[in-house]
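# My questions are about this predicted structure, shown below with the sequence.
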Amino acid sequence: MGVTLLRERYRVDLAGLQAACEANYARLMRLLPGMRGAEGSRRVALSQGERLLGVLALDVLEACPYTTTVQVRQEHSLPWLPVPRLEVRVYHDARMAEVVSAENARRLRSIYPYPNTLMHQPDEKTQLNLFLGEWLSHCLACGHELEPLL
């Protein structure tokens, strides 16, 4: 007699996702406080001694009264390291920031069936928002203002 195991369907942890988006809003506001006004970009360097490991690039793509769209990407990365690039929608009235696209994946769904043709994880959107939080936290803790080249 064979035993059939059914995998439990993935359910979005809405409270956890909301908490991650609220924390990401606070982090982005610390890194780019003028995003609603005139300041449209910032570069934060990550170094180890004299060696530059990479630069966090924050660029405002669109600023509206209640939302701002920011591109978050890595510049001057190590040659063997994949270069992440995220588009983040910042909702100022709700004080939340969520990843809306990553690399070439636009309009992320909250749940993906698995397996799927693009091999997205069932919780891809949640994972990307958690990744953004870890990335921004690391830059806040270890980053420094990039000195302009003369």
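The structure has been received and is ready for your questions. Numbers count the residues shown, from 1 in each chain.

# alpha carbons only for contacts and neighbour counts from here, please
OK.

# Now Arg89. Nearest residue, chain neighbours left out?
Thr69 (4.5 Å; C-alpha to C-alpha, 6 or more residues apart in numbering).

# before we move on, what about Val70?
Nearest to Val70 is Val60, by C-alpha to C-alpha, 6+ apart, at 4.4 Å.

# Output whichever strand or helix holds the one you found as CSV - backbone C-alpha positions only.
Applying DSSP states H and E as the criterion places Val60 in strand 51-63. The C-alpha coordinates for strand 51-63 follow below in CSV (Å, rounded to 0.1, in the frame of the first residue of the first chain):
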residue,chain,number,x,y,z
ARG,A,51,39.3,47.6,-1.5
LEU,A,52,36.0,48.7,-2.9
LEU,A,53,33.6,45.8,-2.8
GLY,A,54,30.6,47.5,-4.5
VAL,A,55,28.4,50.5,-4.5
LEU,A,56,24.7,50.6,-3.7
ALA,A,57,23.1,52.9,-6.3
LEU,A,58,19.7,54.4,-5.5
ASP,A,59,18.0,56.3,-8.3
VAL,A,60,14.5,57.9,-8.3
LEU,A,61,12.8,56.8,-11.5
GLU,A,62,9.4,58.5,-10.8
ALA,A,63,8.2,60.8,-8.1
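
# Can you point out the buried residues in it?
54-60, 63 (16 or more other C-alpha atoms under 10 Å).

# swap in stretch 93-101?
Applying 16+ other C-alpha under 10 Å to stretch 93-101 flags 95-101 as buried.

# now the strands: where do they sit in this protein?
41-48, 51-63, 67-75, 85-91, 96-102, 105-106, 144-145 (DSSP state E).

# Worst mean pLDDT among the ones you listed?
Looking over these, mean pLDDT reaches its minimum on strand 105-106, with a mean of 61.

# With adjacent residues omitted, what lies nearest to the residue sitting nearest the centre point of the chain?
To find the centre residue of the chain, average its C-alpha atoms and take the closest one (C-alpha atoms, centre = their mean): that gives Leu132, at 3.1 Å. Counting by C-alpha to C-alpha, 6+ apart, Leu132 lies nearest to Asn24, which is 7.3 Å off, once chain neighbours are set aside.
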